[in-house]
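>>> Sequence and predicted model, in that order:
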Amino acid sequence: MRKSVAALVAALACVSGCAGGGGEGDSAPSPTTAARMTVTSTAYAGGGTIPRRFTCDGENVSPPLAFSGVPAHTASLALLLQDTDAPHGAFTHWLAWDVDAHTAHLSAGEHPHGATEGTDDFGKPGYSGPCPPRGDRPHHYVLTVYAADGRLSLPAHASPGDLLRALSGHTLATGTLTGRYGR
């Protein structure tokens, strides 16, 4: 019993110490401090399969997206699409910032108005669709949309870490849409 209590105390200490205490590598905005937005697509439901058209096996264009619940005082939006099942850690397929705050939807293949689209992990600017290794089980692709209280002055070659650091303390709301794709 004593070992169980000690293990529980240690686990709780770790959780509270890892929950955004400002330590090294703690670069993401705290999701608990931001309101929630809704991100949807007419191409696939949350948790659903991403159609081939929006992948490296198809037209490789971004899916249609809609955003709701964006706070009234939002100055800009940022987008980050990552494969969370990539073999060597999160693999970035799309990052964009300084998207016009009044953007309520993006059509398939549309570049976000007013935005800078950063370089993804394929080394290309803009959107690069899901392209997991053949034979892997379907990977999860998480698109996170951030509502920021200002514009982000980042260079075009900014990394996902740079984007998340710039958003830290400046995120009013977030929303996610997760899709799956396998080959």
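Received it, and whenever you're ready, just let me know what you need.

>>> residue contacts, the nearest residue to residue 66 once chain neighbours are set aside?
Spatial nearest neighbour of residue 66, chain neighbours left out: residue 105 (4.4 Å); criterion: CB to CB, 6 or more residues apart in numbering. To be clear about C-beta, it is placed using only N, CA and C from the backbone, and glycine gets the same treatment. Counting by CB atoms under 8 Å, 6 or more residues apart in numbering, residue 105 touches 64-67.

>>> could those residues go into TSV alongside pLDDT?
Output for the contacts of residue 105, formatted as TSV (pLDDT from 0 to 100):
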residue	pLDDT
64	98
65	98
66	98
67	97
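
>>> Looking at these, spot the one nearest residue 80.
Of all these, residue 65 has the smallest distance to residue 80: 12.8 Å, by CB to CB.

>>> Contact partners for that closest one?
Counting by CB under 8 Å, 6+ apart, residue 65 touches 39-41, 105-106, 143, 177.

>>> can you tell me which of those are in strands?
39-40, 105-106, 143, 177 (DSSP state E).

>>> Could you turn the buried ones of those into a ChimeraX selection?
Restricted to buried positions by 16 or more other CB atoms under 10 Å, the ChimeraX selection for those reads:
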select :39,40,106,143,177
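
>>> Greatest separation within the ones in strands among the contacts of residue 65: which pair is it?
Across those, the longest distance by CB to CB is 13.6 Å; it joins 105 and 143.

>>> Could you list the low-pLDDT ranges of the protein?
For the chain, the stretches with pLDDT under 70 are 1-33.

>>> And the strands in it?
35-36, 38-40, 65-68, 76-83, 91-100, 105-106, 116-117, 139-148, 171-181.

>>> right, so of these, which gets closest to residue 47?
strand 171-181 (5.8 Å).

>>> What is that closest one packed up against?
Of the remaining helices and strands, those touching strand 171-181 by 3 or more CB pairs under 8 Å, 6 or more residues apart in numbering; DSSP states H and E are strand 35-36, strand 38-40, strand 139-148.

>>> I'd like those written out as TSV, with distance to residue 75 added.
Listed next are the helices and strands packed on strand 171-181 as TSV, based on distance: least, CB to CB, whole Å:
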stretch	distance to residue 75
strand 35-36	15
strand 38-40	19
strand 139-148	6
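
>>> winner for burial among the ones you listed?
Ranked by average neighbour count under the criterion mean count of other CB atoms under 10 Å, the helices and strands packed on strand 171-181 are headed by strand 139-148 at a mean of 22.

>>> still on that earlier bit, now the contacts of residue 105: which count as buried?
Neighbour counting with 16+ other CB under 10 Å marks 64-65, 67 as buried within the contacts of residue 105.

>>> Return the member of those nearest to residue 137.
Among the buried ones among the contacts of residue 105, residue 65 lies closest to residue 137 (CB to CB), at 25.3 Å.

>>> Sounds good, over and out.
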